[in-house]
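Curious how this folds, go ahead:
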Amino acid sequence: MSVRTARLAFGESGAANTQKVIFTCPAGVTAICKDWRITGIAAGPTAVIFGVRSGPAPSYIAHSSSLAFEQLLFGTGFIVLEPGDQLVIFTSVAAGARYWVSGSELAGVAP
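Residues are numbered from 1 along each chain as shown. Alright, predicted model coming up:
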């Protein structure tokens, strides 16, 4: 079976000052995040943190202290997620950003 890239997550950030889980790697799978994009959608600037949580604490991938309306924060490169690992987003304004994450889910767990 060939490996295909697919959308892993899409939506809007949640409540203000609350970390929202946007993707959880399923059991028995290794997920690879290849591309992510975050767009400001609030009327004013919002602080945004995008990260991955493996265990109790997140590791931050990107941060903007003042993402403006329609401003883009993005990245490419591989972020490997093991079962239970989560991608998370935090904004200082309710529904302050929209996100799109693409990658692949591979059967089996990476050694």
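
Report how many residues lie close to the residue lying closest to Ala47 once chain neighbours are set aside.
Closest residue to Ala47 apart from its sequence neighbours, by Cβ to Cβ, 6 or more residues apart in numbering: Ser92 at 4.0 Å. Glycine gets a C-beta too; all of them are placed from N, C-alpha and C. Ser92 has 18 neighbours, counted by other Cβ atoms under 10 Å.

was I right about Ser92 contacting Gly40?
No. Using Cβ atoms under 8 Å, Ser92 is not in contact with Gly40, being 11.2 Å away.

what is in contact with those two at once?
With contacts defined as Cβ atoms under 8 Å, 6 or more residues apart in numbering, the residues shared by Ser92 and Gly40 are Thr46, Val48.

Show me what counts as buried in stretch 7-18.
Leu8, Ala9, Glu12, Ser13, Gly14 (16 or more other Cβ atoms under 10 Å).

again but with stretch 92-101, I slipped
Quick answer for stretch 92-101 (16+ other Cβ under 10 Å): Ser92, Val93, Gly96, Ala97, Tyr99, Trp100, Val101.

Can you give me the end-to-end span of that stretch?
Stretch 92-101 has an end-to-end distance of 20 Å (criterion: Cα to Cα, to the nearest Å).

quick one: secondary structure of Gly84?
Put simply, Gly84 is coil when judged by DSSP: H, G, I helix; E, B strand; the rest coil.

What does the closest residue to it other than its chain neighbours show for phi and psi?
Spatial nearest neighbour of Gly84, excluding adjacent residues (Cβ to Cβ, 6+ apart): Cys25 at 6.4 Å. Backbone torsions of Cys25, given as degrees, to the nearest 10, read phi -70, psi 130.

three-state assignment of the residue nearest to the spatial centre of the chain?
Central residue of the chain (Cα atoms, centre = their mean): Leu87, 4.5 Å from the mean position. Three-state assignment for Leu87 (three-state DSSP): strand.
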